[in-house]
Structures are given as structure tokens and as C-alpha cells.
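Colleague: this one's structure only:
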């Protein structure tokens, strides 16, 4: 039975990691308010190494709709500008020689709906990740060759866990969608 508990704990941990990954992805979707997490996915080539922007600069929020990126090394300003411009954020960086200002435009109703759809796609990817863990867990439980009743009960436990994790994902999606649609 210890082996079964280990399999279940490992599976739950993998599902939690899938949800944490989804949360990080959600943080990169802009809601109209400035947040340093918008830049989480932006990396630049810094001395030959892909480096996240937030590791090589300080990021402040001078106003609700602005981000100010001040690199520790001024020679990286051009690279940061290029990376932001090439990113899917759709923002135009404005350099003042010391740093880069990003002004987040007012979001239109249409843009908000597009972002909600994008969040929906992210949600589905997260759900698939959780379901894949469920499938692997089910396979692992069947390999344990438990008595039929115990196996059936364990598979039901896995399904309950999966349902709980999927509900968590749906709750996070609902909250983010409401955030996006609020003015």
C-alpha cells in the first residue's frame, strides 16, 4: 500500500506543477493594469546567454498603465527594446537613454475578448496536462497489480483528484476572465 500512496502523491505533485505553470502563464496575460509579470516570458541574448529581462534590470510601475525598465547595464537597452517589440505583447518600447518606458494602451472590448479566448486556450492546455498525469497515474496503478477492489477504489481516487484539479484550473480561468472583462 505504501507504493500506491507514493504513486498518488507523485501524481498530485505533477498536477500541482501543471497548475503552477498555468498560473505563471496567466500572469503574462495583460489585464489593463501594469504588472512586472508581463515581462516574465521576455528573454534577451545577454553575453550569449538567453536571460530574462527581469534578471538584468529593475522594473517599476510609475503609473497604473506604465512599466519602467531600467537595465543594470545600459548597453542592453537596445536588446531589451528589440525583444519587447518582437514579443506578442504588442507594446512599443520608448527609450530615454537610461531605461525603457512601456505604456499600456486602454484595452478595447474586442481586445479583451481576444485575451479571454487566449486564456481559454491556455486553460485547455492546462487541463490536458492534468489529464495526461491522470492517464499515467492510472497506468501506474494498474502495474501495481492490486486486488480488483483496491484497484477500482484507487482509480476512483485518481478521478476525484483530477476533477478537483480541473475545478481549480476553471476557477483560475474564471477569475482571470472576469479581470480581463472588468473596466
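Modeller: It's in. As the structure is a computational prediction, the values presented were derived from the model and not from experiment.
Colleague: Distance of residue 179 relative to residue 116?
Modeller: 10 Å (CB to CB, to the nearest Å). In this view, the C-beta of every residue, glycine as well, is placed from N, C-alpha and C.
Colleague: typo on my end, it should be residue 152
Modeller: Counting by CB to CB, the separation of residue 152 from residue 116 is 40 Å.
Colleague: Neighbour count for the two, which is higher?
Modeller: Taking neighbours as other CB atoms under 10 Å, residue 152 and residue 116 compare with residue 116 leading, 17 against 12.
Colleague: Buried residues of the longest strand along the chain, list them for me.
Modeller: For the chain, the strand reaching the highest residue count under DSSP state E is reported as strand 66-71. Going by neighbour count (16 or more other CB atoms under 10 Å), the buried part of strand 66-71 is 67-69, 71.
Colleague: same check, this time on stretch 44-51
Modeller: 44, 46.
Colleague: which residues are in contact with it?
Modeller: 43, 53, 56, 76, 79-80, 82-83 (CB atoms under 8 Å, 6 or more residues apart in numbering).
Colleague: Nearest the geometric middle of this structure, what residue?
Modeller: residue 25 (1.5 Å; CA atoms, centre = their mean).
Colleague: now residue 57, which residues is it bridged with?
Modeller: Legend: beta-bridge partners of residue 57 under DSSP bridges are residue 71.
Colleague: Now do the same for it: its pLDDT.
Modeller: Per-residue confidence at residue 57 stands at 92 (pLDDT).
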